[in-house]
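Colleague: structure for the following, please:
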Amino acid sequence: MAALPPNLLSGSSHPSSHTSSPSRHLSQYSTSSNPLVSGTPTLNTSSSTLRYPSTRKTIYDRNLNRSRNAELSRASFAYLFMEMVSYAHKRVKGIQDFEKRLSEQGYPLGLKLLDLLLYRSTPAGSSSSSSSTSTSSSSSSSSNATRPLRLLPLLTLLTTKLYPLLFSRPADSLEQSTSNPGEYMIIDNTPLTNHYISVPKEMNQLSVAAYIAGIIEGVCDGAGFQCKASAHNTATDVWPNRTVFLIKFEDHVLEREKELERQGVK
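Modeller: Numbering: from 1, shown residues only. Have a look, this model is predicted:
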């Protein structure tokens, strides 16, 4: 939009601007360098700032297998995660609220990673070639992308598929609670999120690995296993950053697990 004349913006300091002829102000808009639109007001409509590559292809056109073995720079991850922690820290009232916000940031990523893991488990997703397949072959391969039905396949997916996808290594161990059968613990002795964040002494109970817990919770909820995942610091002399991800499944998930076990479903 064209800028207003100075005498219209400073009406309080120049009273004469209110009594002057309107045609004098409109004449500033009627002049145009383009002879086709001479004598008519024009609006300066700037083009969109969104840039597209020369091939007119976006990230959604890339093959999902192209980045299978690609690794992100740790320096880049440290910078991005530091900004995420700083953003969450400015809008919290306590440690629990802090960890909740970090978990909420990782939850949508877990939902998307589940679809990626299931796609890569199909013949079409496991193929290294980027050539397009026929409709019949794609429909048959999509039928093999089944979500886990039992708890054990789901936990195996988390420790042996999700962890290598994120951190290029499996989780250190997987344990089940002896007091509550619906609680499982994924143990990570060296979580990547704790390497570059310095937690002050007054907030020693804070676990920035709650971001990973949100990813785990997103994968479980996306697969139909509603749960609550949380991160807990359990430092030892050997592993000062040791973290336990506690997964508490809902009661209806455990009831379904018992029914599937009775029917012999694996």
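Colleague: show me where this structure has helices.
Modeller: With DSSP state H applied, the chain shows helices at 6-9, 22-30, 74-89, 95-120, 123-126, 135-142, 151-157, 163-167, 210-222, 251-263, listed in chain order.
Colleague: so which of the ones you listed is nearest S198?
Modeller: When these are compared by C-beta to C-beta, helix 74-89 sits nearest S198, at 10.1 Å. The way it works is simple: take the backbone N, C-alpha and C, and place the C-beta from them, glycine included.
Colleague: that closest one to helix 95-120, inter-axis angle?
Modeller: Going by axes from the mean of the first three to the mean of the last three C-alpha atoms, to 10 degrees, helix 74-89 is angled at 140 degrees with respect to helix 95-120.
Colleague: that older thread, comparing the helices of the chain by mean pLDDT, which bottoms out?
Modeller: Among those, helix 135-142 carries the lowest mean pLDDT, a mean of 41.
Colleague: how about the helices of the chain, which one is nearest N241?
Modeller: Taking C-beta to C-beta, helix 210-222 is the member of the helices of the chain nearest to N241, at 12.1 Å.
Colleague: what's in contact with that closest one?
Modeller: Contacts of helix 210-222 with the rest of the structure, by C-beta atoms under 8 Å, 6 or more residues apart in numbering, involve 81, 84, 98-100, 102-111, 113-115, 117, 154, 157-158, 162, 166, 186, 188, 191, 193, 226-231, 243, 245, 247, 249.
Colleague: among the helices of the chain, which is the most enclosed?
Modeller: Stretch with highest mean neighbour count among the helices of the chain: helix 210-222 (a mean of 25; mean count of other C-beta atoms under 10 Å).
Colleague: what about N233, how many residues close to it?
Modeller: N233 has 18 neighbouring residues, counting by other C-beta atoms under 10 Å.
Colleague: OK, contacts around the residue lying closest to it once chain neighbours are set aside?
Modeller: In this structure, N233 finds its nearest non-sequential neighbour in S207, 5.0 Å apart by C-beta to C-beta, 6 or more residues apart in numbering. S207 makes contacts with E99, N194, A231, H232, N233, T243, as judged by C-beta under 8 Å, 6+ apart.
Colleague: could you export these to CSV, including columns for distance to V253?
Modeller: As requested, the contacts of S207 are arranged in CSV below (distance: C-beta to C-beta, whole Å):
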residue, distance to V253
E99, 23
N194, 29
A231, 20
H232, 21
N233, 27
T243, 24
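Colleague: among those, which are located in strands?
Modeller: If you go by DSSP state E, these have A231, H232, N233, T243 in strands.
Colleague: where's the nearest residue to D251 once chain neighbours are set aside relative to L72, distance?
Modeller: The shortest distance from D251 to any residue other than its chain neighbours is 7.4 Å, reached at G182 (C-beta to C-beta, 6+ apart). The gap separating G182 from L72 is 34 Å, by C-beta to C-beta, to the nearest Å.
Colleague: who has more neighbours out of the two?
Modeller: Per other C-beta under 10 Å, whichever of G182 and L72 has more neighbours is G182, with 16 against 10.
Colleague: what sits against R147?
Modeller: Contacts of R147 (C-beta under 8 Å, 6+ apart): L114, L118, A223, G224.
Colleague: surely F225 touches L151?
Modeller: Yes. Contact criterion C-beta atoms under 8 Å: F225 and L151 qualify, at 7.1 Å.
Colleague: quickly list what's touching both of the two.
Modeller: Common neighbours of F225 and L151 (C-beta under 8 Å, 6+ apart) are F249, V253.
Colleague: which residues does Y163 contact?
Modeller: Y163 touches R169, P170, A171, counting by C-beta under 8 Å, 6+ apart.
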